[in-house]
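Visitor: quick one: sequence and predicted model below, then my questions.
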Amino acid sequence: VKDLVRKFGDFTAVASTSFDVKRGEIFGLLGPNGAGKTTTFRMLCGLLPATSGTLEVAGLNLRHARAKARARIGYVSQKFALYGNLTVLENLKFFGGAYGLSGNKLKQQIEKALQQFELQPQARSGDLPNGFKQRLSMAAALLHQPEIVFLDEPTSGIDPLARRAFWYTIGKLADQGMTIIITTHFMEEAEYCDRIAIQDAGKMLALGSPKQVRQQAGTGSSSDMNRAFIAIVEQSRAHQQEPV
């Protein structure tokens, strides 16, 4: 990502943002509401075109090869976006087919997903508890073995045990070389990330490991991320309000 800009009319949602994400890295995007993180996230996924700047995903320029790039990524939205009236198996068959899987390959990937996420194939998707809906969404996003997975507030609305199980799964995927890009408003979850970026008012305020970000905040490397996050955002806003 280099000099990424997104404007909506005269409003600049993302202002000249640059960063990179390494293969096998868990990268977190953090920011308050209206910070620009969702807009940045949607551009990274290929769901929203950039106004200007360079954006490459899985080595492909999204401006010129969006379809090819999107074939290499998985995406899990904040809200359950699969078909609630279909069974778990029917959803996996549908989305596997949408990713171009068929025959034995599709069957093998579905069996792997059912086992990995402990899902019952004949369960009606809309009746699943939130934690299992999240598992199903992850299973569908991973069917085509993407290089990069984008997760938008994936632990919102699920209980602490389900959140812990989710992060265990994410850690294993990263260990296998998959790249994870995640947005979250749970500051303690930032500690699971290899690196994080904090945005506010469309600008990048901090980028680095959780320890580096805490040090930048001036709250001490041993302080919690919530304090560091608040300090960085408040420092930036105070600076913007200073008279020129």
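Guide: Perfect, I can see it now. This is a predicted model, so every value here is computed, not measured.

Visitor: centre of the chain to stretch 223-239, how far?
Guide: For stretch 223-239, the distance between its averaged C-alpha position and the chain's averaged C-alpha position is 22 Å (C-alpha atoms, centre = their mean, to the nearest Å).

Visitor: okay, that stretch in CSV with CA atoms only?
Guide: Taking only C-alpha atoms (Å, rounded to 0.1, in the frame of the first residue of the first chain), the coordinates of stretch 223-239 have been written out as CSV:
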residue,chain,number,x,y,z
SER,A,223,0.9,-0.9,29.6
ASP,A,224,-2.3,-2.2,28.1
MET,A,225,-3.2,-1.5,24.5
ASN,A,226,-6.4,0.3,25.4
ARG,A,227,-4.4,3.0,27.2
ALA,A,228,-1.9,3.3,24.4
PHE,A,229,-4.7,3.5,21.8
ILE,A,230,-6.5,6.3,23.6
ALA,A,231,-3.2,8.2,24.2
ILE,A,232,-2.2,8.1,20.5
VAL,A,233,-5.6,9.2,19.2
GLU,A,234,-5.9,12.0,21.8
GLN,A,235,-2.4,13.2,21.1
SER,A,236,-3.2,13.4,17.4
ARG,A,237,-6.5,15.2,17.9
ALA,A,238,-4.9,17.7,20.4
HIS,A,239,-2.2,18.5,17.9
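
Visitor: domain map for this protein?
Guide: The chain breaks down into these structural domains: 2-72+147-241, 80-145 (assignment by automatic domain parsing).

Visitor: hey, least reliable of those domains by pLDDT?
Guide: If you rank these by mean pLDDT, domain 2-72+147-241 sits at the bottom with a mean of 89.

Visitor: what helices or strands is the helix or strand hosting Ala69 leaning on?
Guide: According to DSSP states H and E, Ala69 maps onto helix 66-70. Using 3 or more C-beta pairs under 8 Å, 6 or more residues apart in numbering; DSSP states H and E, the elements in contact with helix 66-70 are strand 60-61. C-betas here are computed from N, CA, C, even on glycine.

Visitor: rerun that using 6 Å as the cut-off
Guide: Under the contact definition 3 or more C-beta pairs under 6 Å, 6 or more residues apart in numbering; DSSP states H and E, helix 66-70 sits against no other helix or strand.

Visitor: could you dump the domains of the chain to CSV with mean neighbour count?
Guide: Output for those, formatted as CSV (neighbours: other C-beta atoms under 10 Å):
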stretch, mean neighbour count
domain 2-72+147-241, 17
domain 80-145, 17
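
Visitor: how would you label the closest residue to Ile170 other than its chain neighbours: helix, strand or coil?
Guide: With C-beta to C-beta, 6 or more residues apart in numbering as the measure, Ile180 is the residue that lies nearest to Ile170, at 5.7 Å, once sequence neighbours are left out. Here Ile180 takes the strand state, with states given by DSSP: H, G, I helix; E, B strand; the rest coil.
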